[in-house]
Each structure stands twice: as C-alpha cells, then as structure tokens.
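> attaching a predicted model along with its sequence, questions to come.
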Amino acid sequence: MSVKFTEELIDAYDYARPYRGEIRSGIVLEIDQYGAYIDVGLKHDGFVPRSDIDTLEADVIAELQPGLEVVTRVLAPSDKDGNLLLSLSQVQAEKDWQLAQDLMDQGEITRIKVHDSNRGGLLAKFKHLQAFIPASHLWQRNHRDLKEYIDEELAVKFIEVDNFSNRLIASEDKAEQEMSKQRLDALMNELIEGQVRKGVVRHLTDFGAFVDLGGADGLIHNSELSWKHVNHPGEAVQVGDEIDVYILDLDHKRKRINLSLKRLKPNPWNEVAENYKVEQLVSGKVTKVVDYGAFVRLDVGVDGLLHVSEIAEPAPDNPREFVERGERLVLRVLDIDPFRERMGLSLKRVSDEERMAFEMETS
C-alpha cells in the first residue's frame, strides 16, 4: 500500500461531512455574477448563489468582499453538481428573529414598510422577515382601505415572535400609544400653567373638546369652553379649528392637560354685580331644562338657574311641563353670587301685571 493511498484513506475517515442546517464560519474567496465562493474549512469550498446574496441588505452586500469572514448555513452538503451549497441570508434571518425577539422583550418601537395587504391586515418587511399587522392593531384606521397603506412606513411594536411557526405579529396601535405617552410627557414638561398656546381641535365628546397642542392632546371641558352654559362642545368649536387655549392645569400624576377657552375672554360675571340687583326683573332665554329646573341665559351672557321650586306654586314634578328650551321668560332675580358665578331666578314671583309692563317697556 502506498503512502499516498494511506493518507487519502485516513483523510476520508477523518473528514466530518457537513450536514443540512449546520452553521459554519468561513472566508470569502471570490465573488462573481453567479454568487460567492466561501472557504469553510472543508475539502471543498462552499458556494452561495447570487439569488441568496440579493436578498441581503444593501449595506451587507457592499461589505461582501474577498477576505471577509462570514457565517453561513449549509443548505445542501452536495447539490446535483456536487457543490457544497451555502446560504448567507438564512443566517441573517436568524439574527433578525433574535432582533425581533429583543425588540419585543424590551418593548421597543421599530419601523417597517408595508408591501401588501389581505383581508385581515397588512404585510410588511422587517429585515429578511415578513411581519403581519392585523387590521385591529392599526392606529385610528377610520375605515381607511388597507391597500392605501402599501409603501407606507409604520412605527410598530412586535407583539408575537415565533421563529418555529414563522409568525411575526406587529401592532401599530401599541406603538402609537407609547409614542403618544412619550410626546405627552415631553409636552407636560414644557408647558406652564397660565400659558397661552395654539392648538387644533381634533375630537369632540359630550363632555368637552380635545385639542392637539403639538403631538399630544389637552382637554377643554364644556365648563371651560364659554362663560355661557354649553350643552355640547360643538356649540363653541368644531373639529379642525385652530384656536388659542389657556393652560389651566397640568395633572402630572394622571397625565392630563386641562385647557380653557373662556379664560381668554372677558368674564361677563364681572359685569353682573354692576348690571343686576336682587328683586330686579330680567329677561332671558331658556338654554337647558333639567329635572331640578332650567338654565336661563340673560342678555349680559351669563346663565342663571330657575330652580324647579321657583317655577310655579306648587312646584311641578316635571319642569318641562311649564318651560321649554328656547322659550323667553321674564324672571325676578333672587340672589347673585359673582364669585361662584351663580344667580338664582324666579318665575312664580313675577305677576302677570309685572310681566306685561316689563315686556311693554323693553319692546
């Protein structure tokens, strides 16, 4: 037996054949139009097809030069031509899964670009992975067609990362909630009570109007919209209005910014003590009827309360049987408290003769 044959036989037994899925480090030997040739420390050099390289990030491809140390995954120990087939992208995908897991564990926000949609949501690219954003996790979609999101870049948080099931689920809603909180914290540290800021009315509710102050919202409660009684914020502002607002209160504990619109206007209650006296007859329009009485707006622009006990004798069970919204009444002033912005009125203490004389005098 020759020495050469003996060495070849020993090498054959010592040779650890690569297996599918194995991770191997190597050195780039050559790159051409067909792919890259990698020395992975085996008898034969490995080959990475151009189609695999093209899926890599542009900056990774740019660094792919002879002499560079890389990590590869074995796709096939021997393809039909006897080549050791390797992949760079699959190793990169493993790194991307780990990155996605880290982002989810740390609650970090990342940006991904939408490339398609289906009935359930959006498909987006995260590195070498495909992420899915359920329609229920889109931020303020407002009946927007899902196809309109294609080619948009969205800020998201990952809420499910499962490499084995190939599931990468993202939420734009959770990311926006987090960013809104961050913007609110920054804005609250910037604002000062008593300051006047510009804002845009974004949303109306039964109890007030939300105003965007530049990335975060503050609330103008109905009671702060006007010195007059307001039944609904739509009586004072509309969505899209650009307005000046007064920073009324900063509640850092509950993360709330309370605003006022009426504090930027003269307070009509300052004129009440000068223009009205107890026992005086006044004229006003009913703005709201409630179970305990009715609110009546006087000419100066303030609302007085006509309590149910002052509507008629005996007091009615339902004030709506005697007065209705929009009706104009002649009333007697019972009490005035400009500091608490309250005025008590009476209907039953005005006689028919007094009412007729007042109406003739003011007509």
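Sure thing, it's come through. Numbers count the residues shown, from 1 in each chain.

> touching stretch 120-138 from outside, list them.
Among residues not part of stretch 120-138, those counted as contacts by Cβ atoms under 8 Å, 6 or more residues apart in numbering are 55-57, 89, 92-93, 95-97, 99-100, 110, 112-117, 141, 144, 146, 149, 154, 156, 158-159, 167-174. The C-beta positions use only the backbone N, C-alpha and C, and glycine is treated the same way.

> so which of those residues are in helices?
Within the contacts of stretch 120-138, residues falling in helices by DSSP state H are 89, 92-93, 95-97, 99-100, 172-174.

> ranking the residues you listed by neighbours, who comes first?
Counting neighbours by other Cβ atoms under 10 Å, the top entry in the ones in helices among the contacts of stretch 120-138 is E172, with 25 neighbours.

> surely it and F158 touch.
No - applying Cβ atoms under 8 Å as the test, E172 and F158 come out as separate, 11.4 Å apart.

> and the residue nearest to S283 when sequence neighbours are not counted, what does it touch?
What sits nearest to S283 in space, not counting adjacent residues and going by Cβ to Cβ, 6 or more residues apart in numbering, is V330, at 5.6 Å. When contacts are counted by Cβ under 8 Å, 6+ apart, V330 is found next to 281-283, 350, 354-355, 358-359.

> any idea which helix or strand carries V330?
Here V330 sits within strand 328-337, counting by DSSP states H and E.

> just how off-centre is that strand within its chain?
How far strand 328-337 lies from its chain's middle: 47 Å, per Cα atoms, centre = their mean, to the nearest Å.

> got the contact list for E341?
Applying Cβ under 8 Å, 6+ apart, the residues near E341 are 269, 302.

> against K288, how distant is it?
Computed as Cβ to Cβ, to the nearest Å, the E341 to K288 distance reads 16 Å.

> pretty sure I243 is in contact with V196, am I right?
No - taking contact to mean Cβ under 8 Å, the distance of 10.5 Å between I243 and V196 leaves them out of contact.

> okay, these two: which has more neighbours?
More neighbours sit around I243 than around the other of I243 and V196, counting by other Cβ under 10 Å; the figures are 18 against 10.

> one step back: out of the contacts of V330, list just those in helices.
The helices in this structure, assigned by DSSP H, contain 354-355, 358-359 from these.

> those residues, buried ones only, as a ChimeraX selection?
Here is the ChimeraX selection string for the buried members of those, based on 16 or more other Cβ atoms under 10 Å:
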select :355,358
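
> quick one: the ones in helices among the contacts of V330 as CSV, columns for pLDDT and distance to V237 too.
Listed next are the ones in helices among the contacts of V330 as CSV, based on pLDDT from 0 to 100; distance: Cβ to Cβ, whole Å:
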residue, pLDDT, distance to V237
E354, 93, 39
R355, 93, 37
F358, 92, 35
E359, 89, 35
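
> where does the chain dip in pLDDT?
For the chain, residues meeting the criterion pLDDT under 70 lie at 1-16, 81.

> where do the strands sit along the stretch 101-250 of the chain?
Residue ranges of the strands in the stretch 101-250 of the chain, as given by DSSP state E, counting those that start in this stretch, are 110-117, 121-126, 129-134, 153-162, 167-171, 196-205, 208-212, 217-221, 242-251.

> would you list these in TSV and tack on distance to M188?
As requested, the strands of the stretch 101-250 of the chain are arranged in TSV below (distance: least, Cβ to Cβ, whole Å):
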stretch	distance to M188
strand 110-117	26
strand 121-126	32
strand 129-134	30
strand 153-162	21
strand 167-171	25
strand 196-205	12
strand 208-212	14
strand 217-221	10
strand 242-251	6
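
> kindly provide the distance from V330 to G293.
Here V330 is placed at a distance of 16 Å from G293 (Cβ to Cβ).

> what's the answer for A58, then?
Distance of A58 to G293, given as Cβ to Cβ: 73 Å.

> so for the two, which sits in the more crowded spot?
When neighbours are counted by other Cβ under 10 Å, G293 comes out ahead of the other of A58 and G293, with 21 against 6.

> which ones are touching the more buried one?
When contacts are counted by Cβ under 8 Å, 6+ apart, G293 touches 305-311, 319.

> let's see it at 7 Å
With contacts defined as Cβ atoms under 7 Å, 6 or more residues apart in numbering, the neighbours of G293 are 305-308, 311, 319.

> repeat for L225
With contacts defined as Cβ under 7 Å, 6+ apart, L225 is in contact with 209, 233, 236-237, 261-262.

> just the buried residues out of these, in PyMOL syntax.
Here is the PyMOL command that selects only those of the contacts of L225 that count as buried (16+ other Cβ under 10 Å):
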select buried, resi 209+233+236+237+261+262
